[in-house]
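*Asks:* Sharing a model prediction with you, sequence too.
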Amino acid sequence: MIHAFPCGTLALDFVGTLRARRNDEPTEKLTSAADLDAWFVESGLLADASSSGAADLERALALREAVYALVWSRLHDRPLPADAVGTVNAVAATPPLTPVLTEQGWAWAGGADQVLSQLARQAVEIVGGDEAALLRECGRPECTQVYLDRSRGHRREWCSMATCGSRMKAAAYRARQRAGSDA
């Protein structure tokens, strides 16, 4: 797998395909249509790689940034930007993926437009619903991953304990060790 899915919701994991947004040089994980297809398959939204093209990638990146703008607005108690609302609503209005029966059970059927519609619809539900109050940004300064804090007591600090949480705890431990040896 080349993509990470720490958020527990695919719309926010999709937003996370641009990593470290506040850095001078953020890391773009969707640099080609093939990367987009890989994300679709790794996310479980499509069983097989579709044949996305440059226009699909352009639409996907526009949707990702619109969703991020909406999430950022909710995180900072700001009005939702009209252009981002329009972009997300337009993508959500296209037909979503279709569930189909297979020999193994069921799968989603469709292409890039249907996957993006599915993601936009999930973003609409999050940003426009009760879960907006659960939106958080990772507490690791270098990370800008956004997630829903469904933890007991709503005290989750990191997008993923396996990555950012582990790094932050290790850094805190090293700092305590240095402070103890300096005494």
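*Replies:* Looks like it arrived, so ask away.
*Asks:* going forward, measure contacts and count neighbours with C-alpha atoms only.
*Replies:* Will do.
*Asks:* tell me the contacts of Phe40?
*Replies:* Listed by C-alpha atoms under 8 Å, 6 or more residues apart in numbering, the contact set of Phe40 reads Leu46, Ala49, Val115.
*Asks:* can you pick the most crowded of those residues?
*Replies:* Val115 (24 neighbours; other C-alpha atoms under 10 Å).
*Asks:* Would you tell me what helix or strand that one is located in?
*Replies:* In this assignment (DSSP states H and E), Val115 forms part of helix 112-128.
*Asks:* packing partners for the helix or strand just after that helix?
*Replies:* Next helix or strand after helix 112-128 toward the C-terminus (DSSP H and E): strand 135-137. Packing partners of strand 135-137 (3 or more C-alpha pairs under 8 Å, 6 or more residues apart in numbering; DSSP states H and E): helix 54-75, strand 146-148.
*Asks:* Show me how far strand 135-137 is from its chain's centre.
*Replies:* 11 Å (C-alpha atoms, centre = their mean, to the nearest Å).
*Asks:* And stretch 103-121, by the same measure?
*Replies:* 17 Å.
*Asks:* ok, now stretch 144-155?
*Replies:* With C-alpha atoms, centre = their mean, you get 13 Å for stretch 144-155.
*Asks:* Span of that stretch from start to end?
*Replies:* 17 Å (C-alpha to C-alpha, to the nearest Å).
*Asks:* Since that was my last question, I'll sign off now.
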